[in-house]
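Q: the sequence isn't on hand, but the structure is:
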């Protein structure tokens, strides 16, 4: 039994396809299949039921694969120990991040991080919360940057900061006349929100919960996953939207006049660095975490009197 064979087996289990697993492992499919067959012959069992599509592990195969994942993690920890002794931050870091956070946080962080740690290869994907959770559990991502709490026992959450939600309102809307906003001031018939599948949509609707009822929305249904589009819809079509505070960074003076803040306790989203419960690459992940915190305003690092809004839609 070799670690290469275990890597091939874990890849097939992850992607449920010999062809895709071979592509991800950068080998030919016959080479991968031959090595897995050798391992099965050595163990005297079948690891996969090849009669099914997608391929699934056998009952005993699932147990062997679970242990194989542990072995590969511990193998990686040996390299980590050596890197720590050498005081080196290196290797590949695969990061998933939600689209409502990525454009406002990552550009500054990535530039400085890559300059400080030239031996790190950073791979970043924008995914929905559900996709990040799935890929973390499948160990296809090393960490995720997303709104929490997730209430997932398989994942470890490391809270980084608390980002206020703010109102962005057209001058014609009655919210424009207020200095501070309370949730009961919000009329859902005037609001522009992200489409379903975005955790921030659920958070916005949770803020509006007391005034929300299905069917109250305007007769235009516009589906977008972009915070920037929400801003433009307010500017050109009136109404209002709720934005994360980091998205205000590049607003003009005119646009800032359209911003209103909530009265305390201010609704916030908790942003965390999330890893698998038994994660590896601790050194590089810790360096990435520190770099993020270096670019976050100090006022966002304390929870204080803020109210963290749940990412799951409150159906009460």
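A: Ah, there it is. This one's a predicted model, so the numbers in the text were calculated from it and none came from an experiment.
Q: next, residue 153: secondary structure please.
A: Secondary structure, DSSP: H, G, I helix; E, B strand; the rest coil: residue 153 is coil.
Q: apart from its chain neighbours, what residue comes closest to it?
A: residue 277 (7.6 Å; Cβ to Cβ, 6 or more residues apart in numbering). (Each C-beta comes from the backbone N, C-alpha and C, glycine too.)
Q: for that neighbour, grab phi and psi.
A: Main-chain torsions, residue 277, degrees, to the nearest 10: phi -60, psi -40.
Q: run through the residues that contact it.
A: Neighbour list for residue 277: 153-156 [criterion: Cβ atoms under 8 Å, 6 or more residues apart in numbering].
Q: and of these, the nearest to residue 2?
A: When these are compared for distance to residue 2 (Cβ to Cβ), residue 154 wins out at 27.8 Å.
Q: burial count for residue 100?
A: Using other Cβ atoms under 10 Å, residue 100 has 27 neighbouring residues.
Q: what of residue 267?
A: Residue 267 has 19 neighbouring residues, counting by other Cβ under 10 Å.
Q: that one against residue 310, yeah?
A: No: contact between residue 267 and residue 310 fails when scored by Cβ atoms under 8 Å: they sit 10.5 Å apart.
Q: just the buried positions in the one helix or strand residue 133 maps to, please.
A: Following DSSP states H and E, the helix or strand that holds residue 133 is helix 129-137. For helix 129-137, burial by neighbour count (16 or more other Cβ atoms under 10 Å) applies to 129, 131-133, 135-136.
Q: quick check: mean pLDDT of that helix?
A: Helix 129-137 carries an average pLDDT of 92.
Q: got the contact list for that helix?
A: Contacts with helix 129-137, where a contact means Cβ under 8 Å, 6+ apart, come from 96-98, 127, 141, 143-144, 146-147, 150, 152, 154-155, 197-199, 274-276, 311.
Q: ok now it, how far from the chain's centre?
A: 7 Å (Cα atoms, centre = their mean, to the nearest Å).
Q: look up how far residue 155 lies from residue 204.
A: Residue 204 is 24 Å from residue 155, where distance means Cβ to Cβ, to the nearest Å.
Q: where does the prediction get shaky in the protein?
A: Within the chain, the stretches with pLDDT under 70 are 83-87, 209-223, 313-316.
Q: care to break it down by domain?
A: Per the TED database, the structural domains of the chain span 3-83, 89-161+269-305, 162-267.
Q: quick check: longest helix of the chain.
A: When the chain is parsed with DSSP state H, its longest helix is helix 59-85.
Q: could you give me the buried positions within it?
A: Burial within helix 59-85, assessed by neighbour count using 16+ other Cβ under 10 Å, is assigned to 61, 64-65, 68-69, 72, 83.
Q: quick check: phi and psi at residue 262.
A: The phi/psi pair for residue 262 (degrees, to the nearest 10) is phi -80, psi 150.
Q: number the chain from 53, please
A: Done: numbering now begins at 53, and the last item shifts to residue 314.
Q: so who does it touch?
A: Neighbour list for residue 314: 216-219, 232-235 [criterion: Cβ under 8 Å, 6+ apart].
Q: and residue 326, helix, strand or coil?
A: Under three-state DSSP, residue 326 falls in the strand class.
Q: so how far is residue 66 from it?
A: Using Cβ to Cβ, residue 326 is found at 19 Å from residue 66.
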